[in-house]
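Engineer: sequence-free structure coming up:
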């Protein structure tokens with residue numbers, strides 16, 4: 001019995017603690033910081049104009065939705081944060097399943113808001129240092145499109 005208690009205590013230490021008054025996990029806090037870093041990067045480098053952020057319903061979420069000067073229609077941006085030198089790059093972390101979820105969510109959520117523009121799906125990879133702080137971003141334009149739904 002002692003062994004199970006010891007293992008349980010160890011596993012409890014590994015779980016992210018709640019941080020802040022809102023009860024958000026450390027993982028969510030890192031994600032929020034990465035999303036803000038990506039937004040500032042897009043505004044500066046791509047002249048991105050934010051329309052919606054964190055649109056969600058029970059089936060999915062869209063990180064950033066906006067417009068880019070010179071691009072027709074809306075741009076939906078999936079933000080992925082990964083540690084520098086990790087096994088997967090942020091781009092690789094947006095797999096087929098996630099791409100399908102983003103496309104379905106965009107079609108559903110944006111229609112509810114009255115948007116019917118042409119969509120472009122981008123990915124912004126945010127690289128984190130050893131303290132989980134964003135240090136650089138990488139932008140993948142037209143990373144995927146609606147055709148991912150036809151593959152399945």
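Structural biologist: Received the coordinates, thanks. Being a predicted model, the structure only gives us computed values, none of them experimental.
Engineer: what sits up against the lengthiest helix in the chain?
Structural biologist: Across the chain, the longest stretch assigned as helix under DSSP state H is helix 26-46. The contact list for helix 26-46, computed with Cβ atoms under 8 Å, 6 or more residues apart in numbering, reads 16-17, 19-20, 24, 48-50, 53-54, 63-64, 66, 68-69, 77, 79-81, 124, 126, 128, 132-134, 137, 139. To be clear about C-beta, it is placed using only N, CA and C from the backbone, and glycine gets the same treatment.
Engineer: filter these down to the buried ones.
Structural biologist: Among the contacts of helix 26-46, the ones that count as buried by 16 or more other Cβ atoms under 10 Å are 48, 63-64, 66, 68, 77, 79-81, 124, 126, 128, 134, 137, 139.
Engineer: of all pairs in these, which one is the farthest apart?
Structural biologist: With Cβ to Cβ as the measure, no two of the buried ones among the contacts of helix 26-46 lie farther apart than 68 and 128, at 24.8 Å.
Engineer: just the strands in the protein please.
Structural biologist: Along the chain, the stretches classed as strands by DSSP state E are 18-19, 24-25, 48-57, 60-68, 74-83, 119-128, 134-144.
Engineer: what helices or strands is the third one leaning on?
Structural biologist: For strand 48-57, the elements it packs on are helix 26-46, strand 60-68, strand 74-83, helix 96-112, judged by 3 or more Cβ pairs under 8 Å, 6 or more residues apart in numbering; DSSP states H and E.
Engineer: how about those, which one is nearest residue 146?
Structural biologist: Using Cβ to Cβ, those put helix 96-112 closest to residue 146, at 5.6 Å.
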